[in-house]
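K.L.:
need a structure here:
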Amino acid sequence: MSVAMTTSPASCASEELLERLRANLARVRERISASGRDLSGVRLVAVTKTFGLNEVRAAYELGLRTFAENYVDELCEKSVATHDLGVTWHYLGALQTNKIARATRCADVLSAVARVRELEKIAAVSPGKIIDVQVDFTGEARRNGVAPSDVAALVVLARSLALQVRGLMVVAPPGEEATRKAFVTTGNLADELGLVERSMGMSDDLELACELGTTEVRLGRALFGSRVG
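P.N.:
Next comes the predicted model:
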């Protein structure tokens, strides 16, 4: 999937867009503070899936410096367009073998690694690449991620391939009790493996993620509003 880039990175976002994002960002920060966390301890990752460069630029003007995409084509278009801004791009989508080389070139962090063959391909095309291992708590074949019981082995393998394992990433299963269990387990695994980063929490569950020790929250709708496609 690709979103057309209709503005240059040097162009300014509209005042209406800036005001809307400023208000949304203020609400996000209020929610984090209400959870008892210091804002300085929670990184905000702006997930720009289906949104264009106008939204990227507006978020940048409001101080956000970490962005994420779920599609390789969008990732590469936006990372090229913002290369002079000093921002960091995360790739959150499942890794297709034939797109790994492009994803490694365009993303600073690959945040959804879950299979041995992905690690081997990444190590072959981009030695030393920074990655997160994605943990899955649903057990559903269609879901991306590795079962909690297999996380340690995958991290050990990644390190043996000289990849830099930044942390663990999780998309929580539905239900507050299941979400809480997933976040607690992810945090414990990160501690056991000596991983600093735990990417837990999105627009709907960021308070619980902050309460349970996330180091970053991935924000799409809470920041930009409803998806445009």
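K.L.:
Just the element for residue 112, please.
P.N.:
Element membership for residue 112, per DSSP states H and E: strand 109-113.
K.L.:
Also residue 60?
P.N.:
Per DSSP H and E: helix 53-61 holds residue 60.
K.L.:
and that helix, what does it pack onto?
P.N.:
Contacts defined by 3 or more Cβ pairs under 8 Å, 6 or more residues apart in numbering; DSSP states H and E place helix 53-61 against helix 15-34, helix 72-81, helix 221-224. C-beta: built from backbone N, CA, C; applies to glycine.
K.L.:
Make JSON lines out of these and add mean pLDDT and distance to residue 214.
P.N.:
Shown next, in JSON lines, are the helices and strands packed on helix 53-61 (pLDDT from 0 to 100; distance: least, Cβ to Cβ, whole Å):
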{"stretch": "helix 15-34", "mean pLDDT": "97", "distance to residue 214": "10"}
{"stretch": "helix 72-81", "mean pLDDT": "96", "distance to residue 214": "23"}
{"stretch": "helix 221-224", "mean pLDDT": "96", "distance to residue 214": "14"}
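K.L.:
Of all those, which one is nearest residue 61?
P.N.:
helix 15-34 (6.4 Å; Cβ to Cβ).
K.L.:
Other residues contacting that closest one?
P.N.:
39, 42, 44, 54-55, 58-59, 61-62, 64, 206-207, 210, 217, 219, 222-225 (Cβ atoms under 8 Å, 6 or more residues apart in numbering).
K.L.:
let's see it at 6 Å
P.N.:
Helix 15-34 has contacts (Cβ atoms under 6 Å, 6 or more residues apart in numbering) with 39, 42, 58, 62, 207, 210, 222, 223.
K.L.:
And stretch 175-186, by the same measure?
P.N.:
Applying Cβ under 6 Å, 6+ apart, the contact partners of stretch 175-186 are 135, 137, 148, 168, 170, 172, 173, 198, 200, 205, 209, 212.
K.L.:
Restricted to buried residues, select the residues you listed in ChimeraX.
P.N.:
In ChimeraX syntax, the buried subset of the contacts of stretch 175-186 is picked out as below (16 or more other Cβ atoms under 10 Å):
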select :135,137,148,168,170,172,173,198,200,205,209,212
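K.L.:
farthest-separated two in the contacts of stretch 175-186?
P.N.:
Farthest pair in the contacts of stretch 175-186, by Cβ to Cβ: 148 and 205, 18.0 Å.
K.L.:
hang on, the earlier thing: can you give the distance of the helix holding residue 60 from its chain's centre?
P.N.:
Distance of helix 53-61 from the chain centroid (Cα atoms, centre = their mean, to the nearest Å) equals 17 Å.
K.L.:
List the buried residues for it?
P.N.:
Using 16+ other Cβ under 10 Å as the test for burial, helix 53-61 gives 53, 54, 55, 56, 57, 58, 59, 60.
K.L.:
following the strand holding residue 112, which helix or strand comes up?
P.N.:
Downstream of strand 109-113 (by DSSP H and E), the next one is helix 116-125.
K.L.:
quick one: buried residues of that following helix?
P.N.:
Buried, per 16+ other Cβ under 10 Å, within helix 116-125: 118, 119, 120, 121, 122, 123.
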